[in-house]
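J.: missing the sequence, but the structure's below:
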């Protein structure tokens, strides 16, 4: 677990607070580590994995809006 740099966002989903944190990675060849965490759960991923994940979520959102609204 690396050094905490800053909080990227805090999201509330179904009454549960989810924090997204940017951390300095302990592994030399990886620059950043992203933590998605709740009081009972933490998931670590590299900044590259996080960008792929967020791009997938944004694409799904765009497709859903298109299907629902025809935009």
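T.: Done, it's in. These numbers come from a predicted model, not from an experiment.

J.: what residue ranges in the protein score low on pLDDT?
T.: 1, 28-29, 71 (pLDDT under 70).

J.: All the helices of it, in order from the start?
T.: 47-69 (DSSP state H).

J.: can you count the residues close to the residue lying closest to residue 43 once chain neighbours are set aside?
T.: Spatial nearest neighbour of residue 43, excluding adjacent residues (Cβ to Cβ, 6 or more residues apart in numbering): residue 36 at 4.7 Å. The way it works is simple: take the backbone N, C-alpha and C, and place the C-beta from them, glycine included. Look at residue 36: counted by other Cβ atoms under 10 Å, it has 18 neighbours.

J.: Show me what residue 36 bridges to in the sheet.
T.: Bridge pairing for residue 36 (DSSP bridges) gives the partners residue 20, residue 43.

J.: need the contact list for it.
T.: 18-20, 42-43, 45 (Cβ atoms under 8 Å, 6 or more residues apart in numbering).

J.: Distance check, residue 6 against residue 30.
T.: For residue 6, the distance to residue 30 equals 18 Å [Cβ to Cβ, to the nearest Å].

J.: Please identify which of the two sits among more neighbours.
T.: Set residue 6 next to residue 30 and count neighbours by other Cβ under 10 Å: residue 30 wins out with 13 against 7.
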